[in-house]
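# Below are the sequence and a predicted model for it; my questions follow.
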Amino acid sequence: ENTISNFYLPMGIAPNFLINGKHKTVPMVIEESSVVAAAAKSAKYWSTRGGFKATVLNSEKIGQVHFIYKGDVQKLKQFFIQTKPKFFQETESINKNMQKRGGGILDIELRNKTNELENYFQLHATFETKDSMGANFINSCLEQFAQTLKTEAQQFEIFSEEEKNIQVVMSILSNYVPNCIVRAEVS
């Protein structure tokens, strides 16, 4: 996450951005140097007129555990309802530091994706990561969710042997974050 280079386009610097009362210099990678110059000129103009205002409205992120389940969908729904508290319990040690900062795991849903792919389901989780990107936190939670899913399925009494063999395809955070919103304005 800390990598700052390895691109094959010119890198420019746009100075003079006044954002929420603090001066910032914005790095920009683009083949058109005139875009960097225009941004710098605009930033200088607005810096003498109060600058830009930015407000974080929401920082909710999402991640999913994608899995294949071959069996009765109603049994899977019942299994999820019964197992949902266990997902939270088994990630308690991962979640506690994020909770101290006012964030953490918000919710976990079971999503039926069989209209897109046969036997395809997701655990869809939402997270509040506050002022962090939260990638390591989210992926650690998702990996534990996947482990809990497989372990608990093996012990779920009404599952047949085939239903117990849930196949986790992947556990991954999503770059699609429609509820992660910042408002920026200038006047």
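That came through, no problem. Residues are numbered from 1 along each chain as shown.
# CA only for contacts and neighbour counts going forward, please
Will do.
# thought N16 was touching A38?
No - between N16 and A38 there is no contact, the gap being 11.8 Å when judged by CA atoms under 8 Å.
# Quick check on these two: which one has the bigger neighbour count.
The neighbour count for N16 versus A38, taken as other CA atoms under 10 Å, is higher for N16 (22 against 12).
# isn't there a strand covering the more buried one?
Yes - following the definition DSSP: H, G, I helix; E, B strand; the rest coil, N16 is counted among the residues of a strand.
# outside of the lengthiest strand in the chain, which residues touch it?
When the chain is parsed with DSSP state E, its longest strand is strand 53-68. Contacts to strand 53-68, defined as CA atoms under 8 Å, 6 or more residues apart in numbering, come from residues 19-20, 119-131, 138-139, 142-143, 145-146, 166-174, 176-177, 179-186.
# all helices of the chain, in order?
33-47, 73-90, 92-100, 135-155, 161-164 (DSSP state H).
# Point out the most buried one among those.
A comparison of those by mean neighbour count, using mean count of other CA atoms under 10 Å, puts helix 135-155 on top with a mean of 19.
# shouldn't Y120 be in contact with Y69?
Yes - proximity of Y120 to Y69 meets the contact threshold set by CA under 8 Å, at 6.6 Å.
# For N16, list the residues it contacts.
Contacts for N16 were tallied using CA under 8 Å, 6+ apart; they are 23-25, 40, 43-44, 47.
# Poorly predicted segments of the protein, please.
Filtered on pLDDT under 70, the chain yields the residue ranges 1-2, 4-5.
# switch the cut-off to 90
Counting by pLDDT under 90, the low-confidence segments of the chain come to 1-11, 29-33, 130-134, 175.
# where does the residue lying farthest from the centre of the chain fall, phi/psi-wise?
Among the residues of the chain, the one whose C-alpha is farthest from the average of all C-alpha positions is T48, by CA atoms, centre = their mean at 36.5 Å. According to degrees, to the nearest 10, the main-chain angles of T48 amount to phi -90, psi 0.
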